[in-house]
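*Asks:* Take a look and give me a structure for this.
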Amino acid sequence: MLSIVVSKRCPQLIRRISRPASNKDSIDRPAHAAAYVRMSTDLQKYSTENQLEAIRRYADKRGLEICRIYEDSGRSGLTVGGRDGLQQLMKDVQSSAGDFDAILVYDVSRWGRFQNADEAAYYEHLCSRAGIRVHYCEEQFDNDGSIGSILLKNVKRVMAGEYSRELSVKVFAGQCRLVELGFRQGGAPGYGLRRELIDENHVSKGELHRGDRKSLQTDRVVLTLGPQDEVDQVRRIYSLFVDAGLSEQQIASDLNSRGILTDLAKPWTRSTVHQVLTNEKYIGNNVFNRISFKLKQRRIVNNRETWVRAEGVYPSVVSQALFERARSIIDARSNHYSDEQLLSMLQTVLEEEGSLSGIVIDERDDMPSSSAYRYRFGSLIRAYNLIGYVPERDYRYIEANRHIREIYPLVLSKIVSGFQRAGGEVALDEQSQLLTINGGFTVAVVLARALTTTSGSLRWRIRLDTGLLPDMTIAVRLEATNLGPLDYYLFPSIDMNFSHLKLSESNALSLDAYRFESLDFLYSLARQCSFGEAA
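*Replies:* All right, here's what the predicted structure looks like:
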């Protein structure tokens with residue numbers, strides 16, 4: 001039987017490859033082989049269908065029977081990240097779970113365009129150590145371990161990586177030129193703005209909604225003003241900040257209290273307000289290259305001197321003078337702090353949060369924004385280095401978030417069924433995930449991930465959905481491994497006048513009054529009194 005292991009399934013390819021690998025009559029059972037195919041977006045001739053056709057011909061000539069297909073469609077070969085097919089192939093190779101003796105790949109570049117040729121060699125070495133040979137079906141050499149094949153293979157690996165580097169330079173140069181001409185290069189438009197599609201003659205072809213992309217290569221994207229109510233809100237944000245002297249957090253609370261959501265339909269935070277106050281697109285400037293992530297190697301926040309910009313190419317939402325006043329206020333906030341004080345505050349945040357990022361800093365009300373650190377120290381990375389913090393991508397954090405997304409529907413379903421058993425009628429809003437009980441009051445359910453500080457203690461950060469204005473919030477605090485609930489907090493909105501809560505392992509008695517260890521407490525409360533009274 002042929003088994004398929006793919007990251008994106010392709011039934012028509014499965015039907016094509018599932019016929020016998022050889023028409024020859026043979027007494028001996030043919031050797032089993034796995035096929036690995038990958039398609040990025042660079043050349044259509046390397047589609048997975050064409051690759052599999054070439055691999056099948058190669059297998060026919062050598063009497064190999066293809067028993068598994070590992071596929072990565074639309075995936076870059078620069079890193080192993082995101083390539084579920086290759087990752088699963090390596091797991092099967094190392095665990096001896098694969099029932100195959102060979103791996104068939106179209107060519108060296110399909111195995112990967114790794115920037116370090118040794119990385120490609122490493123994955124092939126894992127296969128070789130398990131007694132599995134990798135065949136490059138369309139190369140002009142046999143991967144038989146001879147000196148000639150080793151030299152050619154390494155040259156091909158270097159050429160595959162160099163191709164990506166050269167392409168990256170050309171693409172970046174093209175993007176910079178288009179930016180200078182006033183065309184938008186990716187990214188969400190932002191609150192109060194919209195993306196507009198124009199043809200090569202600058203004639204409008206209509207608005208692009210979220211998720212829409214241009215269909216013709218000659219078309220371009222520019223920014224235009226959004227709905228008038230959003231434009232008015234942006235101007236009001238600047239007025240509240242510059243004229244009324246409100247902070248970003250106060251402005252966010254004001255917007256949320258009036259039921260106004262961001263362009264992503266989420267409640268406002270200090271960080272999202274700060275972005276509106278500091279982004280030059282609101283004065284019509286097209287700015288590019290603020291952040292680099294070339295060849296998927298390392299994310300770099302660039303200095304302002306390296307930004308690519310075109311000024312006054314879009315309709316402005318606020319005046320240049322108002323924008324400069326807002327920027328001067330933001331820059332001045334950090335001027336009265338010495339370098340030592342700024343670094344001391346950064347160290348405190350690291351101890352409390354366990355990690356640092358621009359978003360973590362921007363969400364703090366008790367310190368300057370991340371842009372102030374970039375301006376003072378040149379970059380966030382340099383500020384991190386000065387306090388001895390080396391940021392690394394924490395895959396445990398990513399895995400925990402993935403698990404939280406998986407268990408949220410289960411927790412929500414458990415709470416819904418509990419209310420129903422207690423005699424309540426529950427309606428779930430699929431978009432907002434808000435529960436309406438007996439048509440009388442609303443309940444929001446949030447999960448709080450456990451964070452381990454550098455000292456080893458646990459912290460939980462609970463974000464209350466003030467934008468949805470629920471009557472009460474059930475906060476599920478996860479235990480240290482984030483695999484299941486530790487306890488529950490019930491927060492009536494009438495008692496909550498803030499959007500964030502920070503909990504430690506031991507909290508004040510006022511907070512513990514909202515805590516209970518089992519959902520049964522909530523359900524028993526519901527049985528003892530009417531839902532309307534419970535609200």
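*Asks:* any chance you could map the helices in the stretch 201-350 of the chain?
*Replies:* 228-242, 248-257, 270-278, 320-332, 339-353 (DSSP state H, counting those that start in this stretch).
*Asks:* Against which helices or strands is the last one packed?
*Replies:* For helix 339-353, the helices and strands in contact under the criterion 3 or more CB pairs under 8 Å, 6 or more residues apart in numbering; DSSP states H and E are helix 358-362, helix 370-377, helix 380-386. Yep, even glycine has a C-beta here, placed from its N, CA and C like the rest.
*Asks:* Among these, which comes closest to residue 277?
*Replies:* The closest of the helices and strands packed on helix 339-353 to residue 277 is helix 370-377. By CB to CB, the value is 10.0 Å.
*Asks:* right, and the helices of the stretch 201-350 of the chain - which one's nearest residue 375?
*Replies:* Of those, nearest to residue 375 by CB to CB is helix 320-332, at 6.7 Å.
*Asks:* Please work out which of the helices and strands packed on helix 339-353 is packed deepest.
*Replies:* Comparing the helices and strands packed on helix 339-353 by mean neighbour count (mean count of other CB atoms under 10 Å), helix 370-377 comes out on top with a mean of 20.
*Asks:* Touching it from outside, list them.
*Replies:* The contact list for helix 370-377 (CB atoms under 8 Å, 6 or more residues apart in numbering) reads 274, 278, 301, 330-331, 333-334, 339, 342, 346, 358-359, 361-362, 380, 383, 386.
*Asks:* starting at the chain centroid, how far to it?
*Replies:* Distance of helix 370-377 from its chain centroid, counting by CA atoms, centre = their mean, to the nearest Å, is 24 Å.
*Asks:* ok, now stretch 338-355?
*Replies:* Centroid separation for stretch 338-355 versus its chain: 26 Å, with CA atoms, centre = their mean.
*Asks:* do stretch 307-318 as well
*Replies:* Computed by CA atoms, centre = their mean, the chain-centroid distance of stretch 307-318 equals 27 Å.
*Asks:* Quick one: mean pLDDT for that stretch?
*Replies:* On average, the pLDDT along stretch 307-318 is 87.
*Asks:* for that stretch, which positions count as buried?
*Replies:* Residues of stretch 307-318 classed as buried by neighbour count (16 or more other CB atoms under 10 Å): 308, 310, 313, 314, 316, 317, 318.
*Asks:* Counting neighbours, what do you get for residue 237?
*Replies:* Neighbours of residue 237 under the rule other CB atoms under 10 Å: 26.
*Asks:* quick one: contacts for it?
*Replies:* Applying CB under 8 Å, 6+ apart, we find residue 237 in contact with 251, 255, 273, 276, 277.
*Asks:* mind running it again at 10 Å?
*Replies:* 191-192, 246, 248, 251-252, 254-255, 268, 273, 276-277, 282, 317-318, 326 (CB atoms under 10 Å, 6 or more residues apart in numbering).
*Asks:* got it, and residue 203?
*Replies:* Residue 203 neighbours (CB under 10 Å, 6+ apart): residue 197.
*Asks:* Quick check, pLDDT for it.
*Replies:* 88.
*Asks:* any idea how far residue 179 is from it?
*Replies:* 21 Å (CB to CB, to the nearest Å).
*Asks:* what does residue 352 give?
*Replies:* 39 Å.
*Asks:* Residue 247 too?
*Replies:* Residue 247 is 33 Å from residue 179, by CB to CB.
*Asks:* out of these two, which sits in the busier spot?
*Replies:* Set side by side, residue 247 and residue 179 show more neighbours around residue 179, with 20 against 15, by other CB under 10 Å.
*Asks:* could the buried residues of stretch 307-318 be laid out in TSV, adding distance to residue 241?
*Replies:* Output for the buried residues of stretch 307-318, formatted as TSV (distance: CB to CB, whole Å):
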residue	distance to residue 241
308	27
310	26
313	25
314	21
316	17
317	14
318	11
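*Asks:* Specify which member of these is nearest to residue 479.
*Replies:* residue 317 (45.7 Å).
*Asks:* Residue 445 - that's part of a strand, no?
*Replies:* Yes: according to DSSP: H, G, I helix; E, B strand; the rest coil, residue 445 belongs to a strand.
*Asks:* my read: it touches residue 435, true?
*Replies:* Yes: if you go by CB atoms under 10 Å, residue 445 and residue 435 touch, sitting 7.1 Å apart.
*Asks:* Residue 192 and residue 148: what is the separation?
*Replies:* 62 Å.
*Asks:* Now residue 47: closest residue in space that isn't a chain neighbour?
*Replies:* Leaving out its chain neighbours, the residue that sits closest to residue 47 by CB to CB, 6 or more residues apart in numbering is residue 39, at 5.6 Å.
*Asks:* you'd agree that neighbour is up against residue 83?
*Replies:* No: using CB under 10 Å, residue 39 is not in contact with residue 83, being 11.2 Å away.
*Asks:* residue contacts, the closest residue to residue 182 other than its chain neighbours?
*Replies:* Leaving out its chain neighbours, the residue that sits closest to residue 182 by CB to CB, 6+ apart is residue 313, at 3.3 Å. Residue 313 sits next to 179, 180, 181, 182, 183, 184, 222, 223, 281, 284, 285, 286 when contact means CB under 10 Å, 6+ apart.
*Asks:* could you redo the last one with a cut-off of 8 Å?
*Replies:* For residue 313, the contact set (CB under 8 Å, 6+ apart) comprises 182, 222, 284, 285, 286.
*Asks:* What residues sit buried inside stretch 74-85?
*Replies:* So stretch 74-85, judged by 16+ other CB under 10 Å, has buried residues 75, 76, 77, 78, 79, 80, 83, 84, 85.
*Asks:* quick one: low-confidence parts of the stretch 401-535 of the chain?
*Replies:* The model of the stretch 401-535 of the chain has pLDDT under 70 over residues 401-402, 453-456, 465-468, 494-499, 508-513, 521-535.
*Asks:* Break down it into its helices, ranges please.
*Replies:* Under DSSP H, counting those that start in this stretch, the stretch 401-535 of the chain gives helices at 509-512, 520-528, 531-534.
*Asks:* what's near enough to touch the closest residue to residue 462 other than its chain neighbours?
*Replies:* The spatially closest residue to residue 462, leaving aside those adjacent along the chain, is residue 501, at 4.2 Å (CB to CB, 6+ apart). The contact partners of residue 501, by CB under 8 Å, 6+ apart, come to 461, 462, 464, 475, 491, 511.
*Asks:* hmm, try it at 10 Å
*Replies:* With CB under 10 Å, 6+ apart, residue 501 has these contacts: 448, 460-464, 473, 475, 489, 491, 507, 511, 514.
*Asks:* Take the contacts of residue 313 and write them to TSV, including pLDDT and distance to residue 242.
*Replies:* Listed next are these as TSV, based on pLDDT from 0 to 100; distance: CB to CB, whole Å:
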residue	pLDDT	distance to residue 242
182	82	27
222	90	28
284	91	18
285	90	19
286	88	24
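*Asks:* Reformat those residues as TSV; add neighbour count and distance to residue 121.
*Replies:* Formatted as TSV, these follow (neighbours: other CB atoms under 10 Å; distance: CB to CB, whole Å):
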residue	neighbour count	distance to residue 121
182	18	45
222	20	46
284	19	50
285	19	46
286	23	42
